[in-house]
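**Student:** here is my input, please return the structure:
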Amino acid sequence: MLGRAFQDLNRLRQISSAMVRHGFGAYVERMRLRDVLGRDAPPPGEPLPPPDRKTAARFRTMLGELGPTFIKLGQLLSSRPDVLPAHWIEELEALQDDCPPVPISEVRREIERGLGRSVEAVFAELDPVPLASASIAQVHRAVTHAGEAVVVKVQRPRIREQVESDLALLYDLARLLEAVVEETGVYTPTGVIEEFDRTVHEELDFTNEARNAQAMAAKSTGREFLVVPRVHAGLSSSTILTLDYVEGVKVSDVTAEAGFDLEQVARNIIEAAFRQLFEDGLFHGDPHPGNILVLPGNRIALLDFGLVGRLTRAQQEALVTLIVAVALRDPESVARILNRIGVPDSHTPIAEFREDIRGILDRYLGLKLDEIRTATLLRDLLDLAVRHRIRIPKEYAVLAKASIAVEGIIRRLYPKLDILDVGLPYAKELLLSRFNPSDASGVLMKSFLKLQALSEDVPAQLSQILVDLEGGKFRVNVHSDAIDRLGGHVRSLGVMIFLGLLAAGFTVSAFVVLATGGRPVLWIGALAVAALLSGAAALYHVATLRLRKISVRRFLQR
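**Tutor:** Down below sits the predicted model:
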């Protein structure tokens, strides 16, 4: 236990040093880490870093230097355009996850530990040269005893222990940060770390990725243009994942000279994305060029299922309604849909929200569908929702990142293709199915039941409100943060005035006793009590003093 404490302290010192080297020393000082870590933090008088657009780049470099846990944290943040501004997202998307390879001897040892058998017992061949080496795992080609070519994803040795240690420190840093930030929007630092905790533990358990791949393969049955590698369940565990080896060309390297039909490849990618979105409710959450291969016949293969998004039927319908509202340039509907699918942190004035949305839609007024950059529109809407303190569900944030990646691939492959024109038929099909009486999900019948219940309940509820109003029992509770803060200040002032009056009374009494020649113990005791009360008042004032905090909004704009 003592050794672990020293390790954590040393790791905290490394984090502090990295922050100082990359220009975040003033923020370390604000978090009062200097009291714990000593000379690594800057002197108290150091000013905040000057505003510039390179802050995000320095933050990315710092995360890469701090190792696997922080790299994964950066990758999580890059998938949340609802948390960070666009230029921060772009920087974090460039965060490289390449790491020096683990020696083959350790890889073999991890395979034997994960599968409970020797390497020779499970594989006929194992390539000692890795295909890829990332922060969490390493990938090797292999051949089973049945002669099947596979890839084996092997978790790095002791990576779980390192992640657990770093997570404990991240929680502590998040709590310190919350004590010194001026605002955090609708996301607190602790909330971000809690989500990261869940995400990284899911990624450390390869059975989750195996289930994702199996579910996506099952839903893709019958789609000849789409290939999802098969999971070899008998050769997989929580730390080992074995899938079919798929040989193809990275989508970023596909050319017409190599015999590929670029328009058809682009259409296949869009069709796969929209079918997953509007039919399956299960979509690939990280479709960057390295995770998409192009096979002969213009087919596509998806790789890496560590991050997938899941949409319920209700979320699918809300998304379709939002798309239609944007296409119709209806700011009123867009505002209400975003307010409904999100979780408002406080009351959102719908009129103000609507006018801001109108400004975004007017920006695209007159543009043709193929001229609209979906990535920009989605980011604008997400940024606007966060500014109005509306917490967007994680699924929509993952969808936004995935759609941005897909759009970038399509515009490189075949920029003339209209993404919305190809995808709208799938959205229309889902929208029309809501009013199909034969729909197995019973959406239409559920809507009628809700309408019937509403028609029966509303008159009774309105009648009760009128009775309460007439009888003087109707009450309205008003809550205001500003009034609460003012009340707190008044209470603090009252306590300090009371303590001050007591201290003054004891001081006067001490001097009266001294002037009348009273016993020394009386006037000394009175002065001691007065000093104690004065100290208590000063301590209370310091304890309730709100120090000037860091502005997160100003920091993120750099």
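
**Student:** going forward, measure contacts and count neighbours with C-alpha atoms only.
**Tutor:** Will do.

**Student:** neighbouring contacts of stretch 238-253?
**Tutor:** When contacts are defined by CA atoms under 8 Å, 6 or more residues apart in numbering, stretch 238-253 is touched by residues 111, 114-115, 141, 148-155, 204-207, 210, 229-233, 235-236, 289-296, 301, 409.

**Student:** just the buried ones from these?
**Tutor:** Burial of the contacts of stretch 238-253 was assessed by neighbour count (16 or more other CA atoms under 10 Å); the buried members are 111, 114-115, 141, 149-155, 204-207, 210, 229-232, 235-236, 289, 292-295, 301, 409.

**Student:** how far away is Gly297 from Leu226?
**Tutor:** Remark: distance between Gly297 and Leu226 (CA to CA, to the nearest Å) = 11 Å.

**Student:** between these two, which is the more surrounded one?
**Tutor:** More neighbours sit around Leu226 than around the other of Gly297 and Leu226, counting by other CA atoms under 10 Å; the figures are 20 against 12.

**Student:** the more buried one: what's its closest spatial neighbour, skipping adjacent residues?
**Tutor:** The spatially closest residue to Leu226, leaving aside those adjacent along the chain, is Ile300, at 5.2 Å (CA to CA, 6 or more residues apart in numbering).

**Student:** shouldn't Leu76 be in contact with Glu194?
**Tutor:** No. The pair Leu76 / Glu194 is not scored as a contact, 11.8 Å apart, by CA atoms under 8 Å.

**Student:** which one's more surrounded, the two?
**Tutor:** For Leu76 versus Glu194, neighbours defined as other CA under 10 Å are more numerous around Leu76 (20 against 15).

**Student:** got the contact list for the more buried one?
**Tutor:** Under the criterion of CA under 8 Å, 6+ apart, the neighbours of Leu76 are Phe196.

**Student:** for it, pull up the helix or strand it's in.
**Tutor:** Secondary structure assigned from DSSP states H and E places Leu76 in helix 68-78.

**Student:** ok, now Ile337?
**Tutor:** helix 331-341.

**Student:** now do Gly309
**Tutor:** Gly309 is part of strand 308-310, with elements assigned from DSSP H and E.

**Student:** and that strand, which strands flank it?
**Tutor:** Strand 308-310 sits in its sheet next to strand 282-284 (antiparallel), going by DSSP bridges.

**Student:** hmm, Val200 is touching Gly74, no?
**Tutor:** No. Applying CA under 8 Å as the test, Val200 and Gly74 come out as separate, 11.6 Å apart.

**Student:** what's Pro128 sitting at in phi/psi?
**Tutor:** When quoted as degrees, to the nearest 10, the phi and psi of Pro128 stand at phi -70, psi -20.

**Student:** next, count neighbours for it.
**Tutor:** Number of residues near Pro128 (other CA under 10 Å) recorded here: 14.

**Student:** please tell me how far it sits from Tyr245.
**Tutor:** According to CA to CA, Pro128 and Tyr245 sit 16 Å apart.

**Student:** just give me the longest helix of this protein.
**Tutor:** For the chain, the helix reaching the highest residue count under DSSP state H is reported as helix 481-515.

**Student:** what about that helix, average pLDDT?
**Tutor:** What helix 481-515 shows for mean pLDDT is 73.

**Student:** equivalent analysis for stretch 57-66, please.
**Tutor:** Mean pLDDT, computed over stretch 57-66, is 83.

**Student:** so in this protein, where's the weakest helix or strand by average pLDDT?
**Tutor:** Every helix and strand of the chain was ranked by mean pLDDT, DSSP states H and E. The lowest is helix 34-37, at a mean of 40.

**Student:** can you pull the buried residues of the helix or strand immediately after it in the chain?
**Tutor:** Past helix 34-37, further along toward the C-terminus, the next helix or strand under DSSP H and E is helix 55-66. When burial is assessed from 16+ other CA under 10 Å, helix 55-66 yields the following buried residues: Thr55, Ala56, Ala57, Arg58, Phe59, Arg60, Thr61, Met62, Leu63, Gly64, Leu66.

**Student:** what angle do helix 55-66 and helix 68-78 make?
**Tutor:** Taking axes from the mean of the first three to the mean of the last three CA atoms, to 10 degrees, one finds helix 55-66 and helix 68-78 inclined to each other by 150 degrees.

**Student:** thinking again about what came up before, by contact count, what packs against whichever helix or strand comes after the strand holding Gly309?
**Tutor:** Once the chain leaves strand 308-310, the next helix or strand it forms, by DSSP H and E, is helix 313-327. In terms of contacts (3 or more CA pairs under 8 Å, 6 or more residues apart in numbering; DSSP states H and E), helix 313-327 is packed against helix 331-341, helix 419-433.

**Student:** so for the last one, mean pLDDT?
**Tutor:** Per-residue pLDDT over helix 419-433 has a mean of 68.

**Student:** low-confidence ranges in the stretch 301-450 of the chain?
**Tutor:** Per-residue confidence of the stretch 301-450 of the chain (counting by pLDDT under 70) places the weak regions at 344-348, 364-376, 419-421, 423-424, 426-450.

**Student:** how does it look with 90?
**Tutor:** Counting by pLDDT under 90, the stretch 301-450 of the chain contains low-confidence ranges at 306-307, 309, 311-450.

**Student:** ok, the stretch 101-250 of the chain next?
**Tutor:** Within the stretch 101-250 of the chain, the segments meeting pLDDT under 90 span 101, 132-136, 158, 161-203.

**Student:** do a quick rundown of the helices in it.
**Tutor:** Per DSSP state H, counting those that start in this stretch, the stretch 101-250 of the chain carries helices over the ranges 104-115, 119-122, 159-180, 189-204, 206-219.

**Student:** now do the buried residues in the third one.
**Tutor:** By neighbour count on 16+ other CA under 10 Å, the buried set for helix 159-180 is 160, 163, 165-167, 169-171, 173-174, 176-178, 180.

**Student:** so what secondary structure elements neighbour it?
**Tutor:** Other helices and strands packing on helix 159-180, by 3+ CA pairs under 8 Å, 6+ apart, are helix 2-21, helix 68-78, helix 189-204.

**Student:** send me it as CSV with only the CA atoms.
**Tutor:** Taking only C-alpha atoms (Å, rounded to 0.1, in the frame of the first residue of the first chain), the coordinates of helix 159-180 have been written out as CSV:
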residue,chain,number,x,y,z
ILE,A,159,-1.9,-2.1,-19.0
ARG,A,160,-4.9,-2.6,-16.7
GLU,A,161,-2.9,-1.8,-13.6
GLN,A,162,-1.5,1.4,-15.2
VAL,A,163,-4.9,2.5,-16.3
GLU,A,164,-6.4,1.9,-12.8
SER,A,165,-3.6,4.0,-11.2
ASP,A,166,-3.9,6.8,-13.7
LEU,A,167,-7.7,6.8,-13.3
ALA,A,168,-7.4,7.4,-9.5
LEU,A,169,-5.2,10.4,-10.2
LEU,A,170,-7.5,11.7,-12.9
TYR,A,171,-10.4,11.6,-10.4
ASP,A,172,-8.4,13.6,-7.9
LEU,A,173,-7.3,16.1,-10.6
ALA,A,174,-10.9,16.5,-11.8
ARG,A,175,-12.1,17.3,-8.3
LEU,A,176,-9.3,19.9,-7.9
LEU,A,177,-10.2,21.4,-11.2
GLU,A,178,-13.9,21.7,-10.3
ALA,A,179,-12.8,23.8,-7.2
VAL,A,180,-11.0,26.3,-9.4
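
**Student:** the closest residue in space to Val265 that isn't next to it in sequence: how many residues sit nearby?
**Tutor:** Take Val265 and drop its neighbours on the chain: the residue closest to it by CA to CA, 6+ apart is Asn298, 5.3 Å away. Using other CA under 10 Å as the criterion, Asn298 is surrounded by 21 other residues.
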